[in-house]
Structure formats: structure tokens, C-alpha cells
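# return atomic coordinates for the entry below.
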Amino acid sequence: MRSLKKQFLGIALSAVLAAGVLAGCGSAGGNDSASQSAGTDGHYPVTITTYDYDKQPVEMTFEKAPEKVLAVYQNAIETMLALGLEDKIVAASGLDHEVKPAYKDAFAKVNYLSEFKPSKEAATALEPDMILSWTSLFSDKNLGSMKEWQSQGVNSYNMLNSGAVSPKTLDNEYQDFENLGKIFDVEDKAGELVNAIKDAVKQTETYAQKENKSPKVLVMEDQSGQIVNYGATTLAGDMVTKLKGTLASPDASKLGEEDVVAANPEVIFAVYMDRDDQDMAAQTKDAIMNNAAFADIDAVKNNRVIPIELGQMYCSGVRTIDGIHTIANGMYPDLNLN
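Got it, this is the predicted structure:
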């Protein structure tokens with residue numbers, strides 16, 4: 001049986017190829033025909049609710065598919081690529097990692113900015129008709145408010161798990177795909193991406209219930225000596241719960257070493273951000289395994305400390321499927337979800 005992960009990558013590749021075929025069939029009046037199509041097939045106008053920097057809802061109405069999108073940060077860029085929309089990106093910035101291999105050819109066509117986070121002046125100069133990003137980008141010290149851009153005819157969309165709403169959930173990731181599918185009239189492709197993730201979750205859930213397993217899990221990140229705990233209100237915590245694990249510390253946001261010892265997780269997911277440092281995953285695991293304070297924790301004694309990339313479980317977009325695989329296989333070594 002074809003693996004779910006390969007299925008997900010296949011979806012992305014087919015989207016990229018489809019976009020290329022459509023672009024090749026277009027003419028100089030391609031934008032006009034897209035607008036006419038939107039007017040005749042009844043899809044547009046589309047109104048989507050997004051959330052501003054203050055977490056307040058803002059309605060955005062799209063009369064047609066955006067043509068000049070400024071995509072900022074990893075999941076905004078990769079989601080556009082996964083939906084076959086690289087030709088709609090006027091510029092992109094803010095990658096924490098190289099794009100996934102399935103999207104590299106499409107990404108090669110994208111205008112990638114040298115600035116990790118574009119200034120308001122740089123964004124204005126690009127003349128975008130949409131900005132796709134995270135909530136933090138719309139603070140006064142960054143691009144300014146969404147409503148300010150909206151007044152200039154520029155729509156925006158913030159990824160829900162970027163801080164727009166709480167709690168952070170898998171359902172929010174699904175909603176982002178579905179909303180962008182509506183905005184760009186690619187709902188079928190968006191639905192395929194959602195279904196691939198849901199299939200992986202269902203397969204894991206079925207296995208856990210059949211085997212009557214619910215391992216005690218801690219998702220933790222060492223931030224300059226302070227331990228961040230990804231509990232029940234985080235995307236990582238929701239992933240663990242949806243995959244039938246039990247959170248060892250569901251409520252705390254910060255932990256001391258003594259709290260980790262007291263929780264005594266069976267499995268630890270050690271969060272890291274590699275920024276293209278190939279040794280970071282191993283170093284993150286080793287820091288826990290070699291910490292004398294953790295020597296008697298079950299996860300350490302049984303070598304069940306698993307590195308997990310931040311991008312797989314924090315506002316993860318198309319990397320959500322990777323996070324599901326990492327967590328599922330870490331909790332259930334005999335599952336072999338792939």
C-alpha cells in the first residue's frame with residue numbers, strides 16, 4: 001500500500017505540475033480570463049475571516065484570486081507551493097529551513113528576498129494584492145495593521161496557529177488549507193492535503209486503540225536554559241492527544257528540571273530549530289540523554305528521546321504531515337507509519 005507520506009508529496013508535486021501546465025496554456029490576457037472565469041463560475045466573491053495582531057476577527061473579501069502575494073515565513077511559502085500557486089507569489093521571505101524537496105523546483109521560480117522579514121517600505125514597493133503570513137508580522141513595528149493594508153486594497157491572511165487564535169489545534173491547520181483553497185479557487189487540492197493528514201491521524205488512532213496504548217509524552221524545548229513545555233493548548237499537544245497519547249504535563253508552559261523528573265514521561269520529543277545546522281537534532285537529543293538530572297526518567301532509560309523540528313509542530317502547514325509521522329512513530333515504534 002502506498003505510504004501516506006508519499007501520497008502527501010505526490011499531491012504537492014501534482015499541484016506544481018498542474019500549475020505549470022496552466023501557465024503554459026495562458027496568454028497575455030491570462031489575468032483577465034481568470035477574472036472572467038471567476039465572474040462566470042460563481043466562485044467569487046469569497047469572504048474569509050482572519051485575525052489581526054490583536055487577535056480580533058477581520059473579514060477579507062476577494063473578488064478574484066490574488067495575483068501578487070507576499071508570502072512571509074516557512075509555512076506561508078510552502079503552502080503556496082503545495083497548492084501549485086508559485087506563479088502567484090510576487091516575493092517571499094523568512095525561511096527557517098530549506099523548502100521541502102517536493103517544492104524545490106517550484107521555489108526556484110520565486111523571488112526570494114534577502115531580508116528575513118521585509119520592512120513596511122519593501123513590502124509597499126512590491127505592490128502586493130495579498131500578504132500571507134503570521135500574526136506577528138502585522139504589529140506596528142513590522143508591517144502595520146491588516147486594516148491599514150486593507151484600506152489600500154491589499155488583503156491579508158494570517159495562519160491561525162501563528163498566534164491568531166487559541167488553543168492551537170490540528171483543526172486550525174485544516175482550516176488554513178481550506179481557507180486558502182477558497183481564496184485561490186483550489187479547494188480540491190486543499191482538500192487532498194487535509195485528507196492526507198487526517199488519514200495518517202486515523203491510521204495511528206486505530207492502531208493505538210487496537211493495541212490499547214496511550215504513552216505518557218512530554219514535548220519540551222530548551223530555550224537558553226529554560227524548558228518550554230508544549231502542553232494541551234499547543235499544536236504539538238493537540239497532535240499528541242489526537243494520536244491517543246497522554247500529555248505528561250498538560251497545563252504548564254514552563255518547567256524546571258525537577259518538574260520533568262516528576263512528570264517521568266515514557267517518551268520525550270525534544271524540539272529544535274536547525275536553521276540548516278544538520279547536527280542540531282542529534283545535539284538536542286544528546287543534551288537530554290546526557291543530563292544527569294534526567295538519568296532516571298523512563299524516556300531516557302529506554303532511549304525514547306526523539307528530536308522533532310519546530311516547523312513540524314508549530315504553525316506547521318504542509319509540514320504537519322511530517323510532525324504527525326514523527327510523533328506517531330515515536331510513540332508507537334511498531335506502527336511504522338510512513
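# can you show me the strands along the stretch 1-150 of the chain?
Ranges of strands within the stretch 1-150 of the chain are 46-51, 57-62, 69-72, 89-93, 130-133, based on DSSP state E, counting those that start in this stretch.
# what's the closest of the ones you listed to Ala164?
strand 46-51 (3.7 Å; C-beta to C-beta). C-betas here are computed from N, CA, C, even on glycine.
# wait, a strand at Val260?
No. Counting by DSSP: H, G, I helix; E, B strand; the rest coil, Val260 falls outside a strand, being helix.
# that one touches Ile297, doesn't it?
Yes. The pair Val260 and Ile297 passes the contact test of C-beta atoms under 8 Å, sitting 6.9 Å apart.
# now the helices: where do they sit in the stretch 51-200 of the chain?
Counting by DSSP state H, counting those that start in this stretch, the stretch 51-200 of the chain has helices at residues 74-82, 104-107, 120-125, 146-151, 170-183, 187-211.
# rebuild those as TSV, extending it with mean neighbour count, mean pLDDT and distance to Ile48.
Formatted as TSV, the helices of the stretch 51-200 of the chain follow (neighbours: other C-beta atoms under 10 Å; pLDDT from 0 to 100; distance: least, C-beta to C-beta, whole Å):
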stretch	mean neighbour count	mean pLDDT	distance to Ile48
helix 74-82	26	98	14
helix 104-107	18	98	24
helix 120-125	15	97	20
helix 146-151	16	96	12
helix 170-183	21	98	5
helix 187-211	17	98	12
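# circling back to that earlier point, mean pLDDT and distance to Ala328 added to the strands of the stretch 1-150 of the chain, as CSV?
Converted to CSV, the strands of the stretch 1-150 of the chain look like this (pLDDT from 0 to 100; distance: least, C-beta to C-beta, whole Å):
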stretch, mean pLDDT, distance to Ala328
strand 46-51, 98, 30
strand 57-62, 98, 33
strand 69-72, 98, 29
strand 89-93, 98, 30
strand 130-133, 98, 29
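# for those, which one ends up most surrounded?
strand 69-72 (a mean of 28; mean count of other C-beta atoms under 10 Å).
# show me what it is packed up against.
helix 74-82, strand 89-93, strand 130-133 (3 or more C-beta pairs under 8 Å, 6 or more residues apart in numbering; DSSP states H and E).
# need the residues that contact the first one.
I take that to be helix 74-82. Applying C-beta atoms under 8 Å, 6 or more residues apart in numbering, the external contacts of helix 74-82 come out as 11-12, 15-16, 69, 71, 86, 88-89, 92, 94-97, 99-100, 102-103, 106-107, 110, 132-134, 159, 176-177, 180, 193, 311, 315-319.
# returning to that earlier point: closest to Thr169 out of the strands of the stretch 1-150 of the chain?
Closest among those, using C-beta to C-beta: strand 46-51, at 14.3 Å.
# okay, the angle between the closest one and strand 57-62?
150 degrees (axes from the mean of the first three to the mean of the last three C-alpha atoms, to 10 degrees).
# how about the helix or strand containing Asp286: buried residues?
In the assignment (DSSP states H and E), Asp286 maps to helix 280-289. If you call a residue buried by 16 or more other C-beta atoms under 10 Å, then helix 280-289 has these buried ones: 281, 284-285, 288-289.
# got the strands of the stretch 1-150 of the chain as TSV, with distance to Asn338 columns?
Formatted as TSV, the strands of the stretch 1-150 of the chain follow (distance: least, C-beta to C-beta, whole Å):
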stretch	distance to Asn338
strand 46-51	34
strand 57-62	37
strand 69-72	29
strand 89-93	30
strand 130-133	30
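# looking at the ones you listed, which is nearest to Asp276?
Short answer: strand 89-93, nearest of these by C-beta to C-beta, at 15.8 Å.
# which other residues reach that closest one?
Contacts of strand 89-93 (C-beta under 8 Å, 6+ apart): 68-72, 76-77, 80, 110-113, 115-118, 126-128.
# what does stretch 48-58 give?
Against stretch 48-58 from outside (C-beta under 8 Å, 6+ apart): 59-62, 135-136, 138-139, 145-147, 150, 156-158, 160, 163-165, 179, 182-183.
# got any ranges where this protein has weak pLDDT?
In the predicted model of the chain, residues 1-40 satisfy pLDDT under 70.
# give me that answer again for 90
For the chain, residues meeting the criterion pLDDT under 90 lie at 1-41, 97, 224-225, 274-278, 336, 338.
# can I get the helices of the stretch 51-200 of the chain in JSON lines with distance to Gln226?
As requested, the helices of the stretch 51-200 of the chain are arranged in JSON lines below (distance: least, C-beta to C-beta, whole Å):
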{"stretch": "helix 74-82", "distance to Gln226": "24"}
{"stretch": "helix 104-107", "distance to Gln226": "34"}
{"stretch": "helix 120-125", "distance to Gln226": "32"}
{"stretch": "helix 146-151", "distance to Gln226": "32"}
{"stretch": "helix 170-183", "distance to Gln226": "26"}
{"stretch": "helix 187-211", "distance to Gln226": "31"}
